[in-house]
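Chemist: using only what follows, build the 3D model:
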Amino acid sequence: MSLQPATCVHCGAKFRAGAPRCPRCRKLQDTRDPVAEARRSRVLARATGGLVAMFAVVIGGLWLLRDEPGAAATVTPAAARSQAQTSAGRPVGAPAAAAAPAGRPFLDPAGEGAVAYAAGDFGSALERYEGAVRQNPRDAESLSNLGQVLVRLGRTEEAVPYYRRAIQEIPTRWAYHFNLARALGLLGQWEESIASYRTAQQLFPDDYVTTFNLALALHKAGQDEAAVPEYRKAIALSPEDASFHFALALSYERLQRRADAAAAYGEYLRLSPDAADAGQVRARMAQLLAPSGPGAVTSQ
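Modeler: Model prediction:
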């Protein structure tokens, strides 16, 4: 049975249920009850996973991608769309719940960590998850959640071993590979990041955030020939996302496929005609399509 469309809590736009971000304003969505999640003691409020990037365009020089402020995930992340997405991996955009008072009998350290994280108390969340891991060193969810807290605190290098340990315990959990891939990308370890995104994609092939992040990692690694088909897959999975077309255009430019780049920019403008950089993008399209000698406008 199909899900009813979701409504963005920020701008009111309607979009596919389960998407982690609004396609219009790019704000993160989160409608879960953190306290209820904490009672189950297994789910970290979706913290820093869904890295669906926003882009800044610089005309007259190199056009660069930048990560969206506050997305340092998750990612996107990305909502309860499968069993894989019931674990940590996407940013929280909803108002935080109040931290649980000390001594609540129904909360173990992992549950207390989830409530502290949802309340934005990352220091307390770190202590709680460290305690949960000491209590049960093979608790994959606490290991992954501890990694999420460390990333949020800017201690990304320390997070990587915890993600790897979580994967050792449950090798088939999509979120663990996604979180590891993102952390490795933040560290600039693009080849390892790409490998982990590919594993995550195999586990969850219909997740457009995973596919887009894989394409972006390939682009960052200078592998634009490989990035293009992944961008196309992401667009097929989420055709309303204008930024995906923008990213595709950047890879086409790097490959000197000027006509294809102009077409991708055109799709970006069609989907986001009022974008702040619309004028710059139109100017860039004109440059790409202007004749400047034989073979100036190329396509493959």
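Chemist: show me where the stretch 151-300 of the chain has helices.
Modeler: Under the criterion DSSP state H, counting those that start in this stretch, the stretch 151-300 of the chain contains helices at 156-169, 174-186, 190-203, 208-220, 224-237, 242-254, 258-271, 278-289.
Chemist: return the most buried member of the ones you listed.
Modeler: Greatest average neighbour count among the helices of the stretch 151-300 of the chain goes to helix 174-186 (a mean of 28), per mean count of other C-beta atoms under 10 Å. C-beta coordinates here come from the backbone N, C-alpha and C atoms, glycine included.
Chemist: ok so, going back, now the helices of the stretch 151-300 of the chain as CSV including distance to residue 149 and mean pLDDT?
Modeler: Below are those laid out as CSV (distance: least, C-beta to C-beta, whole Å; pLDDT from 0 to 100):
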stretch, distance to residue 149, mean pLDDT
helix 156-169, 8, 96
helix 174-186, 11, 96
helix 190-203, 19, 98
helix 208-220, 20, 97
helix 224-237, 28, 97
helix 242-254, 28, 96
helix 258-271, 35, 96
helix 278-289, 38, 95
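Chemist: quick one: closest of those to residue 123.
Modeler: helix 156-169 (14.6 Å; C-beta to C-beta).
Chemist: give the other helices and strands that that closest one contacts.
Modeler: Counting contacts by 3 or more C-beta pairs under 8 Å, 6 or more residues apart in numbering; DSSP states H and E, helix 156-169 packs against helix 140-152, helix 174-186.
Chemist: between that helix and helix 174-186, how big is the angle?
Modeler: Put simply, helix 156-169 runs at 150 degrees to helix 174-186, going by axes from the mean of the first three to the mean of the last three C-alpha atoms, to 10 degrees.
Chemist: quick one: contacts of helix 156-169?
Modeler: Residues from elsewhere that reach helix 156-169 (C-beta atoms under 8 Å, 6 or more residues apart in numbering): 133, 138-141, 143-144, 146-148, 150-151, 173, 176-177, 179-180, 183-184, 186-187.
Chemist: thinking again about what came up before, identify whichever of the helices of the stretch 151-300 of the chain lies nearest to residue 118.
Modeler: The closest of the helices of the stretch 151-300 of the chain to residue 118 is helix 174-186. By C-beta to C-beta, the value is 16.9 Å.
Chemist: what's the closest one packed up against?
Modeler: helix 140-152, helix 156-169, helix 190-203, helix 208-220.
Chemist: that helix vs helix 140-152, what angle?
Modeler: Using the same axes, to 10 degrees, the direction of helix 174-186 lies 30 degrees away from that of helix 140-152.
Chemist: separation between the closest residue to residue 140 other than its chain neighbours and residue 180?
Modeler: Nearest non-adjacent residue to residue 140, counting by C-beta to C-beta, 6 or more residues apart in numbering: residue 169, 3.8 Å away. Relative to residue 180, residue 169 is positioned 13 Å away (C-beta to C-beta, to the nearest Å).
Chemist: tell me the contacts of the nearest residue to residue 221 once chain neighbours are set aside?
Modeler: Nearest residue to residue 221, sequence neighbours excluded (C-beta to C-beta, 6+ apart): residue 190, at 3.8 Å. When contacts are counted by C-beta under 8 Å, 6+ apart, residue 190 touches 184, 217, 220, 221.
Chemist: now render those residues as CSV, adding distance to residue 261.
Modeler: Putting those into CSV (distance: C-beta to C-beta, whole Å) gives the following:
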residue, distance to residue 261
184, 28
217, 20
220, 18
221, 19
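Chemist: of all the residues you listed, which comes closest to residue 278?
Modeler: residue 220 (25.3 Å).
Chemist: surely the closest one and residue 186 touch.
Modeler: No - Residue 220 lies out of contact with residue 186 (C-beta atoms under 8 Å); the separation is 11.0 Å.
Chemist: circling back: now the helices and strands packed on helix 174-186 as JSON lines including distance to residue 287?
Modeler: Below are the helices and strands packed on helix 174-186 laid out as JSON lines (distance: least, C-beta to C-beta, whole Å):
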{"stretch": "helix 140-152", "distance to residue 287": "39"}
{"stretch": "helix 156-169", "distance to residue 287": "37"}
{"stretch": "helix 190-203", "distance to residue 287": "29"}
{"stretch": "helix 208-220", "distance to residue 287": "21"}
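Chemist: and those helices: which comes nearest residue 262?
Modeler: Once the helices and strands packed on helix 174-186 are compared by C-beta to C-beta, helix 208-220 is nearest, at 18.1 Å.
Chemist: relative to helix 174-186, how tilted is the closest one?
Modeler: 30 degrees.
Chemist: got the angle between helix 208-220 and helix 242-254?
Modeler: 20 degrees.
Chemist: residue 163 and residue 157: what is the separation?
Modeler: For residue 163 relative to residue 157 (C-beta to C-beta), the value is 11 Å.
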